[in-house]
Every structure is written in C-alpha cells, then in structure tokens.
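1. build the 3D model from these lines:
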Amino acid sequence: MLILSRNKGQKIIIDHNIVISVVEVSGDQVRIGIEAPADVSIYREEIYDAIQEQNKEAVLQSDNVQELLRNVSPYKKN
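-> Okay, here's the model as predicted:
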C-alpha cells in the first residue's frame, strides 16, 4: 500500500485521468473529491461490501431457481 501525506487543496493523480483532491480536513475526518472517467466505478467500502454480498445472494438464488426448474416438468403425468 502506498501512503501519501497531503494537505487541504492538494491533489493526487492516478493513471493520468483520476484526480483525488483533499477538500477538507476536520479532526479525524477528511473530505476528498474524486474526478474520474464515467467508466470508473467509485464506491465507499461499506457500499462496495454490500453490493458484493447482494451479488453472492443473487447467484445462490439463481442456482436454487435452476434446481427447482430442473425438478419441475411441464409434461408431468398425474
């Protein structure tokens, strides 16, 4: 992990097209601004973790639905 020190108003440039700016520093909280191309996804960690969990649940539900569909035959005899 690269660790950099920046002051309010200073920036970090990543890969020529992503700019991270220190907007405000207040106690233990730092506000940052991020400029990036529209195709770059940016998430807070807790949001990213929630999305990953929902994706895992969706895959499990999809697997369950596929299993149910295999067990149900439209040509079932009574």
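2. going along the chain, name the strands of this structure.
-> All strands of the chain, identified by DSSP state E, fall at 11-14, 18-26, 29-35.
3. right, so these: which one is the most enclosed?
-> strand 18-26 (a mean of 13; mean count of other Cβ atoms under 10 Å). For the C-beta atoms, the positions are set from N, CA and C on the backbone; glycine is no exception.
4. who does that strand touch, helix- and strand-wise?
-> When contacts are defined as 3 or more Cβ pairs under 8 Å, 6 or more residues apart in numbering; DSSP states H and E, strand 18-26 sits against strand 11-14, strand 29-35.
5. where are the low-confidence patches of the protein?
-> Residue ranges of the chain with pLDDT under 70: 62-63, 66, 68-69, 73-78.
6. tell me which residue is most central in it.
-> Centrality entry for the chain: nearest residue to the mean C-alpha point is Tyr48, 3.3 Å, by Cα atoms, centre = their mean.
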